[in-house]
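Participant: Fold the stuff below for me.
(2 chains)
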2 protein chains.
Amino acid sequence: MRAVDLIERKRDGHELTTEEIHFFVEGYAEDHIPDYQAAAWAMAILLRGMTVRETIDLTMAMVASGETLSLRRLGPVVVDKHSTGGVGDKTTLIVGPLVAEAGLPVAKMSGRGLGYSGGTLDKLEAIPGFRVDLSPQAFFDTVSQHGLAVVSQTADLAPADGKFYALRDVTGTVPSLPLIASSIMSKKIAGGADAIVLDVKVGRGAFMETVPEARELAQRMIDIGHGVERRVTAVLANMNQPLGLAIGNSLEVIEAIETLRGTGPRDLREHCLALAVEMLLLGQKASTPEEAYEQLDEILETGRALDRFRRWVAAQGGDPDIVDDVTRLPEAPVQHTVAAPRSGHIARLDARMCGLTAVTLGAGRETKNASIDPGVGLVLHAKVGDHVREGDPLLTIHARNQQEAQAAARRLLEAYAWSETAVQPEPPVYEILREDA
Amino acid sequence: MRAVDLIERKRDGHELTTEEIHFFVEGYAEDHIPDYQAAAWAMAILLRGMTVRETIDLTMAMVASGETLSLRRLGPVVVDKHSTGGVGDKTTLIVGPLVAEAGLPVAKMSGRGLGYSGGTLDKLEAIPGFRVDLSPQAFFDTVSQHGLAVVSQTADLAPADGKFYALRDVTGTVPSLPLIASSIMSKKIAGGADAIVLDVKVGRGAFMETVPEARELAQRMIDIGHGVERRVTAVLANMNQPLGLAIGNSLEVIEAIETLRGTGPRDLREHCLALAVEMLLLGQKASTPEEAYEQLDEILETGRALDRFRRWVAAQGGDPDIVDDVTRLPEAPVQHTVAAPRSGHIARLDARMCGLTAVTLGAGRETKNASIDPGVGLVLHAKVGDHVREGDPLLTIHARNQQEAQAAARRLLEAYAWSETAVQPEPPVYEILREDA
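Facilitator: Residues are numbered from 1 along each chain as shown, chains lettered A, B, ... in the order given. Below is the predicted model:
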């Protein structure tokens, strides 16, 4: 078997066999197949597509390239969650303690932010002392004792995926449905998940800009799961405007605490509850969505989720007192409130522009090794559908200096579209796709 | 400008600007853009195509990556010929002396054979003493004095093309119309040609298997020429069966001599005359095809072409006495004549199978650095349309040993298809495409 023949077969639109896909992925992982052949193969896959069967094989070939975690001792069904990335997405900080308190262990590996989209690890590291680089044993022990741990992805799981993703990033081969689906699923499967809730963001601040595209990606991942006996549920969630009101690492930790306390923004709460409901259903902690919702609602209302968050933060070395005193979190020196330039209903609020502006303030990174500033970001005071009057506070920018704050303010005003008449905001969740049981 | 953005633009089907194409080719030639990005770009071009304008820009960017030869002192119009490769193609050995004798200087760079298709340099090197590695000055002087020289391509001309072609060879990105067209044209333009006759082979023993495909490639090259003020004529020629009767390096030199003497096979003679006619027209040595044909026919009949061949061989260090004593050429130790297995009309004779069998006999190379045996090959005694009787000599195999001869014989019998009824052979030339003058 030769790599060039497999490139040609895919180029000409043929379906590759299981053996061929394993040959290519293994050869690439072991450096027998060079980057340039993998790049040509990736472009051929992007433009020609892959069948469900091929995508399953690609996923499992990625899994086979490294170690796999076994989390069987944590419980009968290990449920994981994956969010496809967005702006203001602090769901793991809320959903984690919530479902852990409902009795479902959460052993989660997360990533860092890149481009306009934030990363869970960066948010957690805004908490003084919080450590994300636990050893496998410490990771496992933390979940066993506290029901919850979130750590950085290790290079030992699906290493072929890590190598291939880095190549795709510089060869224009990221936006391919089978490549995205197999990349996400391989990491989750190698991480030991039996069941997975996918939080697929849709809209201007997400990779998938339309519901049909997102549905297609979600369905492909459900199909992969079906092929390898992992149950998968996908929640298609609105990312046209930012999720919640806060964007920026410290600011999002604060908003997560508020949400766990019951005082957070409604869209964020509903989004997190929708994900948590699906996790409980897959984890067999509830038999109907209604039952799961009631259980989770009570956990929030009684403050048990917030207590769990506090214990979790402490378990990973973080300062638990941030929960009662958020000034212990890093703060930006400048806080600049922007007034509404006109009266009207907010018709649109471009999530991507918000995310990109947060990056320029220092909240995210444009290149992989850039450092970030945990204190900076922005807090919205109104969202789509809200009516504001000229001069009302529209948002507050947290910046390193006045100049950056002013520049961000000018840029952010461009992110709004206004309407004279009332605007009905879109729901936080568009639809939920469950595998036919 | 970033390479990844240009990959993405082409991936998404957009037309690249002149500046973008030059940026990419120059960056690749100078090692600023890595192989893996060039491979992804090539695959995107293969699957998305390029406009004529983009193909012209790609051609001239390749030309700009290295030196260009100036042959202006050789005459008012420098005409070159390019054959797209085939089986039994010894046209340069015949057309060269023919048009040189008609007063048109031939300063030609050629390549070596790869796969089933032979190379002019390998054939010339079958002549004892013949040197193809002349210095630029010696090359120029030989053409000045003898009207004709054929040398190996230098790495200084269109080096980006050489680098890119080697990459395409291992990344499944060879069969792309704009990439093939720009590769051929860049080398010819860098080599100093004002006008080019393209000998585009069509059929089982050629890269282009159908006339419409070949016409499309030819038209693209004519369009490139038109865009950069080079006149281009394309001859679409039959390569379903081998050209002439001989395949193999010494054997093809012998057949070229026979053809120059007037005793060669008719299809080869007609093919060579068609090419030579077009060269004279572009070189303004004749004003009509009929006038050119008459002139060339006389040059052949009077033996002047053969004399020119003899002087040319001597000028490049070869033994001119091979013309009168072909036994001075390398000979294979075993000559094995294969009898016709049945009576009938030959309906098909697969050129590719003949070429591949010649390679296994040692006449060609399967990988770039393999060595070849000049003496081996095969000589057909009948071609498509001929009637043979069972037991008649069908072909003679020239091999290194009996075992290889037997194996080749078994394989070659598979290359024939037979008919009970008479078969009309296809013409050697399908059609001629001239730029509208």
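
Participant: who in chain A is up against chain B?
Facilitator: Chain A has residues A:4-5, A:7-8, A:11, A:34-40, A:42-44, A:46-48, A:167, A:170-173 near chain B, with proximity defined as CB under 8 Å from any CB of the partner chain. Every residue, glycine included, has its C-beta placed from N, CA and C.

Participant: Might you specify the subset of those residues located within helices?
Facilitator: Using DSSP state H, the subset of these located in helices is A:4-5, A:7-8, A:11, A:35-40, A:42-44, A:46-48, A:167, A:170.

Participant: Give me the PyMOL select line for these, limited to the buried ones.
Facilitator: To isolate the buried ones among those in PyMOL, judged by 16 or more other CB atoms under 10 Å in any protein chain shown, type:
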select buried, chain A and resi 4+7+8+11+35+36+37+38+39+40+42+43+44+46+47+48+167+170
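
Participant: all helices of the stretch 151-300 of chain A, in order?
Facilitator: Secondary structure of the stretch 151-300 of chain A by DSSP state H, counting those that start in this stretch: the helices cover A:159-170, A:177-190, A:211-227, A:249-261, A:266-282, A:289-301.

Participant: Show me chain A divided up by domain.
Facilitator: A:3-49, A:72-324+A:430-434, A:330-419 (automatic domain parsing).

Participant: Can I get these in TSV including mean pLDDT?
Facilitator: Below are the domains of chain A laid out as TSV (pLDDT from 0 to 100):
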stretch	mean pLDDT
domain A:3-49	97
domain A:72-324+A:430-434	94
domain A:330-419	95
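
Participant: Switch those over to a markdown table; also include distance to B:Leu349.
Facilitator: Converted to a markdown table, those look like this (distance: least, CB to CB, whole Å):
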| stretch | distance to B:Leu349 |
| --- | --- |
| domain A:3-49 | 27 |
| domain A:72-324+A:430-434 | 44 |
| domain A:330-419 | 59 |
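
Participant: B:Arg328: which of the ones you listed is closest?
Facilitator: domain A:3-49 (41.3 Å; CB to CB).

Participant: Minimum distance to B:Val150: which of the domains of chain A has it?
Facilitator: Closest among these, using CB to CB: domain A:3-49, at 31.2 Å.

Participant: Now for A:Val197: which residues touch it?
Facilitator: By CB atoms under 8 Å, 6 or more residues apart in numbering or on different chains, the contact list for A:Val197 reads A:79-82, A:232-235, A:275, A:278-279, A:282.

Participant: Would you indicate which residues of stretch A:47-66 are buried?
Facilitator: The neighbour-count check on stretch A:47-66 (16+ other CB under 10 Å) flags A:47-48, A:50, A:52-66 as buried.

Participant: quick one: that stretch to chain centroid distance?
Facilitator: Its chain's C-alpha centre and that of stretch A:47-66 lie 22 Å apart, by CA atoms, centre = their mean, to the nearest Å.

Participant: repeat for stretch A:314-334
Facilitator: Averaged C-alpha coordinates place stretch A:314-334 at 22 Å from its chain's average position (CA atoms, centre = their mean).

Participant: Kindly report the same for stretch A:190-197.
Facilitator: Taking the mean of its C-alpha atoms, stretch A:190-197 sits 15 Å from the chain's own mean (CA atoms, centre = their mean).

Participant: Next: stretch A:198-205.
Facilitator: On CA atoms, centre = their mean, the centre of stretch A:198-205 falls 9 Å from the chain's centre.

Participant: May I have it exported as PDB, CA atoms only?
Facilitator: The C-alpha coordinates for stretch A:198-205 follow below in PDB (Å, rounded to 0.1, in the frame of the first residue of the first chain):
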ATOM      1  CA  LEU A 198     -22.400  17.600  22.000                       C
ATOM      2  CA  ASP A 199     -23.000  21.300  22.500                       C
ATOM      3  CA  VAL A 200     -22.900  22.500  18.900                       C
ATOM      4  CA  LYS A 201     -22.800  26.200  18.500                       C
ATOM      5  CA  VAL A 202     -24.500  27.800  15.600                       C
ATOM      6  CA  GLY A 203     -24.200  31.300  14.300                       C
ATOM      7  CA  ARG A 204     -21.900  34.300  13.700                       C
ATOM      8  CA  GLY A 205     -19.700  33.500  16.700                       C
END
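
Participant: For that stretch, which outside residues touch it?
Facilitator: Residues from elsewhere that reach stretch A:198-205 (CB under 8 Å, 6+ apart): A:81-87, A:89, A:91, A:116-117, A:184, A:207-211, A:213-214, A:217-218, A:221, A:232-242, A:275, A:350-352, A:354-355, A:430.

Participant: Which strand residues bridge the most centrally placed residue in chain A?
Facilitator: When CA atoms, centre = their mean is applied to chain A, the residue found nearest the centroid is A:Ser83 (3.0 Å). Beta-bridge pairing of A:Ser83 under DSSP bridges involves A:Asp199.

Participant: which ones are touching it?
Facilitator: Neighbours of A:Ser83 in contact, by CB under 8 Å, 6+ apart: A:89, A:91-92, A:199, A:201.

Participant: can you name the two of those that are farthest apart?
Facilitator: It's A:Thr92 and A:Lys201 that sit farthest apart of the contacts of A:Ser83, by CB to CB, at 13.5 Å.

Participant: returning to that earlier point: filter the contacts of stretch A:198-205 down to just the buried residues.
Facilitator: Neighbour-count burial (16+ other CB under 10 Å) is assigned, among the contacts of stretch A:198-205, to A:81-87, A:89, A:91, A:116-117, A:184, A:207-208, A:211, A:213-214, A:217-218, A:221, A:232-242, A:275, A:350-352, A:354-355, A:430.

Participant: For the stretch 251-400 of chain A, which segments count as strands?
Facilitator: Using DSSP state E, counting those that start in this stretch, the strands found in the stretch 251-400 of chain A span residues A:334-339, A:344-349, A:377-380, A:387-388, A:393-399.

Participant: Between those strands, which shows the greatest average number of neighbours?
Facilitator: Comparing those by mean neighbour count (mean count of other CB atoms under 10 Å in any protein chain shown), strand A:377-380 ranks first with a mean of 25.

Participant: what are the ranges of the strands in the stretch 1-150 of chain A?
Facilitator: A:79-83, A:106-110, A:148-152.

Participant: And the last one, what does it pack against?
Facilitator: So that's strand A:148-152. Judged by 3 or more CB pairs under 8 Å, 6 or more residues apart in numbering or on different chains; DSSP states H and E, strand A:148-152 is in contact with helix A:91-101, strand A:106-110, helix A:120-124, helix A:136-146, helix A:304-315.
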